[in-house]
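[1] Quick check, what structure comes out for this input:
(one chain, ligands or ions: 1)
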Amino acid sequence: MRIDQGTRVYGLIGYPLDHSLSPFIHNLAFEAMGINAVYLPFPVKPGRLSAVVEGARALGIRGFNVTIPHKETIIPFLDGISPEAEACGSVNTVLIEEDRAVGHNTDGIGFMDSLEQEGVEVPRMAIILGAGGAARAIGHQLALRGTVTVFLNRTPERAEKLACDITRITGQESFGVSWDSDRISDFVQDAELLINTTPVGMYPGIDQRPPFVLKNLNPKSVVADIIYNPPKTRLLREAEALGLKTVSGLGMFVNQGVRSWEMFTGREAPRKLMEDELRGLLLKNET
Ligand code: ATR
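    Okay, the predicted model is just below:
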C-alpha cells in the first residue's frame, strides 16, 4: 500500500473495536479498485465525540463509520442527518464535505439489499426478534415498503414504543409484543419473513438461539439473521433443516459497508469480492 500526500483517510469509531471487520472490507475494496485511501479503526471512548468530529474536520478526514456505543450519541455533534438516520435515531456513516459533517444510516437499506440479492420479495408481514437499533433501522425500511411488522422483544415496552414510532413516522401499521405473548400465534402463520436482530447466537455463543418456535411458521416463509459471525447461526441451520429459505447476516454486513464505501468514494464497490473474502476469513477463523 502506498501512503503519500494524496492518501485519503477514512475510518471507524466505536468502543471497543477489537473484532470489527469493517477495516478489512473497506481496505480490500480500496486496494482492488486502485483507490489511494486507507480505512483505520479508531477506538473512541464515550465523551470524546465532539473532539472526534472537530478533529476529523481539522485533519481532512473525508468520512467515517460509527458503531456501538456512539450511533445515537454522535447526532448532536453533526451538522445534519439524512431522513433515514433521523427516522432510526442513529447514524452509522458520517460524510464530511466542505467542512460539513452529515450523518447517514445504511443498516436498514443494507438489509433490504441483501433480501433483493437473495431473490426474497418484500414481505406483506414480517416478525422481527429484538427492538434495538438494528430492529429500528430494518423495521423502518420495511414499513416504507408497506410491510406490517411485529416486533417481539424480551422487554415488551421497548417493542411497543418502537412499533408506535414506526407507525407514527411511516403511517404503516406495526405491533410490539413480548417474546412469550399469546398474541404471537395471531401473526406466525401470516409472517413471510422472520428476522433475528438480537445478538443471541453470535460468536462465541454459537450454540444459542432466540426462543422462537420455527416449526409454526408458514413453510413458505424466509428466516434471516443479522449476525454474520458465524455466517450460518444455529437459528438459520434449524430453519434450513425445516426446509425454510434462509438469509445470512453476512450480506447485510457487507451491504451496509458497500453503501458507506460508495458514499465515501462516489464509485461502485466490488461487492462480490468483499463478500467472498469476508466469508473466507470467517470460515478460516472457525477452523
Ligand atoms: P443493536 O443496536 O445491535 O440492535 P441493541 O440496541 O442493544 O443492539 O438491541 C439488542 C436487542 O436484542 C434488544 O432488543 C435486546 O432486548 P432488550 O430490549 O430486552 O434488552 C435484545 N437482546 C439482547 N440480548 C438478548 C438476550 N440474551 N435474549 C433476548 N433478547 C436479547
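
[2] wait, what's in contact with the closest residue to residue 151 other than its chain neighbours?
    Spatially, and ignoring its direct neighbours in sequence, residue 151 is nearest to residue 159 (4.0 Å; C-beta to C-beta, 6 or more residues apart in numbering). Placement of C-beta: from N, CA and C, glycine included. Contacts for residue 159 were tallied using C-beta atoms under 8 Å, 6 or more residues apart in numbering; they are 131, 151-153, 176-178.

[3] Is the one helix or strand residue 159 maps to positioned near the ligand?
    Assigned by DSSP states H and E, residue 159 belongs to helix 156-170. Yes. Judged by C-beta under 6 Å from any ligand atom, helix 156-170 and the ligand are in contact via residue 158.

[4] Stretch 120-135 too?
    Yes. For stretch 120-135, a contact with the ligand is found by C-beta under 6 Å from any ligand atom, at 130-135.

[5] Neighbours of the nearest residue to residue 82 once chain neighbours are set aside, how many?
    In this structure, residue 82 finds its nearest non-sequential neighbour in residue 104, 4.6 Å apart by C-beta to C-beta, 6+ apart. With neighbours defined by other C-beta atoms under 10 Å, the count for residue 104 comes to 24.

[6] Might you report the residue contacts of residue 104?
    For residue 104, the residues meeting the contact criterion (C-beta under 8 Å, 6+ apart) are 81-82, 84-85, 91-95, 260, 263.

[7] How about residue 32?
    270, 273.

[8] C-terminal to the helix or strand hosting residue 135, what's the next element?
    Taking DSSP H and E as the criterion, residue 135 maps to helix 133-144. Using DSSP H and E, the helix or strand that follows helix 133-144 in sequence is strand 148-153.

[9] What mean pLDDT does that following strand get?
    In this model, strand 148-153 has a mean pLDDT of 98.

[10] Show me which residues of that strand are buried.
    148-153 (16 or more other C-beta atoms under 10 Å).

[11] Could you do stretch 16-25 as well?
    Buried residues in stretch 16-25 (16+ other C-beta under 10 Å): 17, 20-23, 25.

[12] Please name the nearest non-neighbouring residue to the residue of the stretch 51-200 of the chain found nearest the ligand.
    Proximity of the stretch 51-200 of the chain to the ligand (C-beta to the nearest ligand atom) peaks at residue 132, 2.0 Å away. Distances taken as C-beta to C-beta, 6+ apart place residue 197 nearest to residue 132, at 6.5 Å, with adjacent residues excluded.

[13] can I assume that neighbour is in contact with residue 134?
    Yes. Using C-beta atoms under 8 Å as the test, residue 197 is close enough to residue 134 to be in contact (4.3 Å).

[14] any shared contact partners between the two?
    Common neighbours of residue 197 and residue 134 (C-beta under 8 Å, 6+ apart) are residue 226.

[15] Spell out which residues sit in contact with residue 196, please.
    Contacts of residue 196 (C-beta under 8 Å, 6+ apart): 129-130, 210, 212, 223-227, 233, 235.

[16] what about 7 Å?
    Each residue near residue 196 by C-beta atoms under 7 Å, 6 or more residues apart in numbering is listed here: 129, 210, 225-226, 235.
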